[in-house]
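Asker: Here is my input; please provide its structure:
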Amino acid sequence: MDMYKCLNIPESCFIGNTIYKKLFYENADLSTNDKSLFTDTISKITWLYCLKPETINISAYKDEVREYPEVEVIEVLLHKDYKLNRVAEIIMRTIPYPMVLIFRLECKVKFYVAHQRTNQSDSSKNTIEEFIATDWLESDSALFAKLDIKQMRFINFYTLYSDIVDAISVYNLSVIMPIDDTITGEKAREITAKVEEIEQKIISLRSKLHKESQFNRKMELNIEIKRLEQNKEKLLGGDIE
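Answerer: Here you go, the predicted structure:
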């Protein structure tokens, strides 16, 4: 837990309780494959912190779209790095609170966050919005200082969580391209999505190229790949308009 001291979460929020896999087996309607994924991938799940009005001076938030009565910080100790997007989805859907989900593998960690909306057909469930995840981070990663919650807005749990999501979004973009201090989390997510979209198109075209036998069609695919690579380089070079 020493790695998380720079988050500056008050000791009053510390929980430190184990969340047993049985909770997910009984409440998440898991397939056989999902249960095997949990068994093979996860060593231990710990509820590290609970930020709520009783433990920190921040108000709950509720509007017609979402309800954030508290924010959880949950650590998942892993046996291996395997299908973590699916693991994150299961955990976030089963525990219907905004959370900072931290995967830990040996000395490295990986953060997942995602805003949630109240499910209109079932208020006991939440709809997960866009997942924002980091790469694997060492203990000296610059992101930790950016996640000092005392630098964030304490207006309510929605503003606090939004600041956490934005900090991770901006950090992720800074890893792949030069940015300045004026960039917002929303803009960072927009640019990151554009880069990822281009990369997926390139992967798809390269797969088609590998299978293509006609010379003219190969030329067309190569030209399109080159155009996309140039667009990506423009974005990564700071051409973000």
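Asker: Pairing partners for the lengthiest strand in the chain, with directions?
Answerer: What stands out as the longest strand in the chain, according to DSSP state E, is strand 42-51. Paired with strand 42-51 in the same sheet, following DSSP bridges, are strand 14-18 (antiparallel), strand 71-78 (antiparallel).
Asker: Contacts for the next helix or strand after it, please.
Answerer: Using DSSP states H and E, the helix or strand that follows strand 42-51 in sequence is strand 61-62. Here strand 61-62 makes contact (C-beta atoms under 8 Å, 6 or more residues apart in numbering) with 67-69, 156-159. Heads up, the C-betas are built off the backbone N, CA and C, glycines and all.
Asker: wait, which of the residues you listed is closest to L205?
Answerer: Of all the contacts of strand 61-62, L205 sits closest to Y158, with 40.3 Å by C-beta to C-beta.
Asker: Check the offset of stretch 37-44 from the chain's centre.
Answerer: 19 Å (C-alpha atoms, centre = their mean, to the nearest Å).
Asker: If you could redo that for stretch 170-182, that was the one I meant.
Answerer: The answer for stretch 170-182 is 16 Å, by C-alpha atoms, centre = their mean.
Asker: ok, which stretches of this structure are helices?
Answerer: Using DSSP state H, the helices of the chain run over 22-27, 32-41, 84-94, 143-146, 157-176, 185-211, 215-236.
Asker: got those as JSON lines, with mean neighbour count columns?
Answerer: Shown next, in JSON lines, are those (neighbours: other C-beta atoms under 10 Å):
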{"stretch": "helix 22-27", "mean neighbour count": "13"}
{"stretch": "helix 32-41", "mean neighbour count": "14"}
{"stretch": "helix 84-94", "mean neighbour count": "18"}
{"stretch": "helix 143-146", "mean neighbour count": "17"}
{"stretch": "helix 157-176", "mean neighbour count": "21"}
{"stretch": "helix 185-211", "mean neighbour count": "14"}
{"stretch": "helix 215-236", "mean neighbour count": "13"}
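Asker: K110: which of these is closest?
Answerer: Proximity to K110 (C-beta to C-beta) singles out helix 84-94 among the helices of the chain, at 6.9 Å.
Asker: mean confidence for that closest one?
Answerer: In this model, helix 84-94 has an average pLDDT of 93.
Asker: next one: stretch 48-55
Answerer: Stretch 48-55 comes out at a mean pLDDT of 96.
Asker: lowest-pLDDT helix or strand in the protein?
Answerer: strand 126-128 (a mean of 85; mean pLDDT, DSSP states H and E).
Asker: Return the distance of Y161 relative to R153.
Answerer: Using C-beta to C-beta, to the nearest Å, Y161 is found at 10 Å from R153.
Asker: picking up where we left off before, does the least confident helix or strand of the chain pack against any helices or strands, and if so which?
Answerer: With contacts taken as 3 or more C-beta pairs under 8 Å, 6 or more residues apart in numbering; DSSP states H and E, strand 126-128 sits against helix 84-94, strand 116-118.
Asker: Turn the ones you listed into CSV, columns for distance to E138.
Answerer: Listed next are the helices and strands packed on strand 126-128 as CSV, based on distance: least, C-beta to C-beta, whole Å:
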stretch, distance to E138
helix 84-94, 17
strand 116-118, 29
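Asker: Quick one, which of the ones you listed gets closest to F131.
Answerer: Closest approach to F131 among these (C-beta to C-beta): helix 84-94, 6.6 Å.
Asker: Noted, bye for now.
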